[in-house]
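Q: just a sequence and a predicted model for now, questions to come.
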Amino acid sequence: MRTALVWLALALAWLSPPAVAQPDLSRRAVNTVADTGAPGYRFEQFRLSSADGQRQYRVRVALPTREAPAQGFPVAYLLDGNAALMETDAALLARLADAPRPPVIAYIAYDNDLRIDPDKRAFDYTPRRPGGDDGQRDAAGGRRNGGADAFLALVEGHIAPRVEAMARIDPSTRALWGHSYGGVFVLHALFARPQAFDVYAAADPSLWWGNGRLLQEEVAMTLDVAQRPRVQLWVGEGAPRDDARKPPPGRDPADVQAMRDARRSVPPDATARMADRLRERGLPVTFTTLPGLSHGQTLGASLPPLLEDLSGLTETHR
């Protein structure tokens with residue numbers, strides 16, 4: 001009987017939607033590769049605050065120990081830095097260290113050990129919408145939105161200069177990566193500041209945020225003839241349909257409905273359609289579907305291809 005119960009529990013766990021379909025807010029970023037080390041890389045870190053003093057950040061920087069190539073190291077700025085660190089292992093860094101162009105990797109996190117800090121990222125990673133202060137709220141949960149422009153100024157004006165003073169950087173290969181709301185930020189940066197980075201990489205971006213606000217920003221984007229940043233997009237195929245999602249226990253039914261309405265504001269293939277439109281505008285775009293992976297799992301799955309492309313291990317765009 002005991003054995004039968006064990007097998008039943010395993011079967012039920014296997015049949016249930018994966019826990020990573022939604023961020024696990026209880027996980028902590030401890031004993032990451034930044035703490036334990038990796039062959040071919042060393043880590044430095046610094047801290048800074050937002051312009052309004054309300055949010056504190058810790059930036060951990062993975063620096064190749066070898067001499068920089070003639071053109072300098074490529075550099076990748078990764079949002080949700082704690083989560084990205086938890087998805088980076090020593091084997092990946094060792095592989096990058098032996099590549100033709102090992103990247104400098106800046107993990108931009110909040111100054112705590114949370115894997116994901118939902119309240120702070122909901123503000124920093126989302127652009128401001130019309131409607132005054134009352135309009136700067138998430139569809140569900142009431143988290144404050146609207147801080148993306150200030151955060152982009154922080155990344156460009158304060159984080160990047162400190163990172164790029166640590167090593168000789170290739171000024172033509174600077175990448176910005178984000179997942180989910182981080183993907184919202186990356187695409188907002190592309191539409192607002194296409195000259196700021198050379199690669200814009202968004203993993204399963206939440207295009208439903210703001211009832212499709214980013215689609216309006218896309219239409220308004222202006223590109224100079226010389227501005228042709230590369231775009232990398234990933235989407236997962238393992239998450240349940242919106243109507244099948246089980247809301248967290250205790251969630252207000254009105255919040256649940258607001259979230260479902262927001263998700264229905266864009267078509268299921270909105271990211272693929274955006275990729276096609278950006279190609280039509282002359283941008284080199286890579287769109288990758290990750291079969292069997294949930295929204296949460298696309299975070300870790302998108303990092304190796306981005307970093308390997310920057311390093312020269314793959315030649316996606318060249």
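A: Received, thanks.
Q: residue ranges with poor pLDDT in this protein?
A: 1-26, 29, 140-141, 239-252, 254-259, 315-318 (pLDDT under 70).
Q: where along it do the strands fall?
A: With DSSP state E as the criterion, the chain has strands at 41-49, 56-64, 73-78, 104-110, 169-179, 199-203, 230-236, 285-290.
Q: now do the shortest one: which elements does it pack against?
A: If I follow you right, that is strand 199-203. On a contact count with 3 or more CB pairs under 8 Å, 6 or more residues apart in numbering; DSSP states H and E, strand 199-203 meets strand 169-179, helix 181-192, strand 230-236, helix 297-311. (Glycine included, C-beta is placed from N, CA and C.)
Q: run through who's touching that strand.
A: Contacts to strand 199-203, defined as CB atoms under 8 Å, 6 or more residues apart in numbering, come from residues 76, 173-180, 182-184, 186-187, 189-190, 229-234, 298-299, 301-302, 306, 310.
Q: starting at the chain centroid, how far to that strand?
A: Here strand 199-203 shows a centroid-to-chain-centroid distance of 7 Å under the convention CA atoms, centre = their mean, to the nearest Å.
Q: in the sheet, which strands lie alongside that strand, parallel or antiparallel?
A: According to DSSP bridges, strand 199-203 forms sheet pairs with strand 169-179 (parallel), strand 230-236 (parallel).
Q: can I get the last one in CSV, CA atoms only?
A: Provided in CSV are the C-alpha atoms of strand 230-236 (Å, rounded to 0.1, in the frame of the first residue of the first chain):
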residue,chain,number,x,y,z
ARG,A,230,19.8,42.8,-33.6
VAL,A,231,16.8,41.3,-31.8
GLN,A,232,16.5,37.9,-30.2
LEU,A,233,13.1,36.6,-29.1
TRP,A,234,12.1,33.4,-27.4
VAL,A,235,8.7,32.0,-26.4
GLY,A,236,7.8,28.8,-24.5
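Q: who's the residue sitting nearest the centre point of the chain bridged to?
A: What sits nearest the mean C-alpha location of the chain, by CA atoms, centre = their mean, is G178, with 1.6 Å. Beta-bridge partners recorded for G178 (DSSP bridges): A202.
Q: quick check: it vs P194, distance?
A: 16 Å (CB to CB, to the nearest Å).
Q: quick one: contacts for the nearest residue to D119 once chain neighbours are set aside?
A: Excluding its sequence neighbours, the residue lying closest to D119 (CB to CB, 6 or more residues apart in numbering) is R143, at 5.5 Å. Contacts for R143 (CB under 8 Å, 6+ apart) come out as P118, D119, A122, F123, R137.
Q: output those residues as a markdown table; include the columns neighbour count.
A: Converted to a markdown table, the contacts of R143 look like this (neighbours: other CB atoms under 10 Å):
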| residue | neighbour count |
| --- | --- |
| P118 | 13 |
| D119 | 14 |
| A122 | 21 |
| F123 | 21 |
| R137 | 17 |
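Q: make CSV out of those residues and add distance to L207.
A: Listed next are the contacts of R143 as CSV, based on distance: CB to CB, whole Å:
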residue, distance to L207
P118, 19
D119, 21
A122, 16
F123, 19
R137, 18
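Q: neighbours around the nearest residue to L223 once chain neighbours are set aside, how many?
A: Nearest residue to L223, sequence neighbours excluded (CB to CB, 6+ apart): P194, at 5.9 Å. The burial count assigned to P194 is 18, neighbours taken as other CB atoms under 10 Å.
Q: do A165 as well
A: Every residue meeting other CB under 10 Å relative to A165 is counted, giving 8.
Q: same deal with Y57?
A: Using other CB under 10 Å: Y57 sits among 21 other residues.
Q: can you check the one 10 residues further on too?
A: One way to gauge burial is a neighbour count; for E67, by other CB under 10 Å, it gives 8.
Q: quick check: the residue nearest to L223 vs E87, distance?
A: Distance from P194 to E87, by CB to CB: 27 Å.
Q: next: A109.
A: Relative to E87, A109 is positioned 13 Å away (CB to CB).
Q: those two: which has the busier surroundings?
A: Taking neighbours as other CB under 10 Å, A109 and E87 compare with A109 leading, 27 against 21.
Q: residues contacting the more buried one?
A: So A109 contacts A29, Y57, R58, V59, R60, D80, G81, N82, L85 (CB under 8 Å, 6+ apart).
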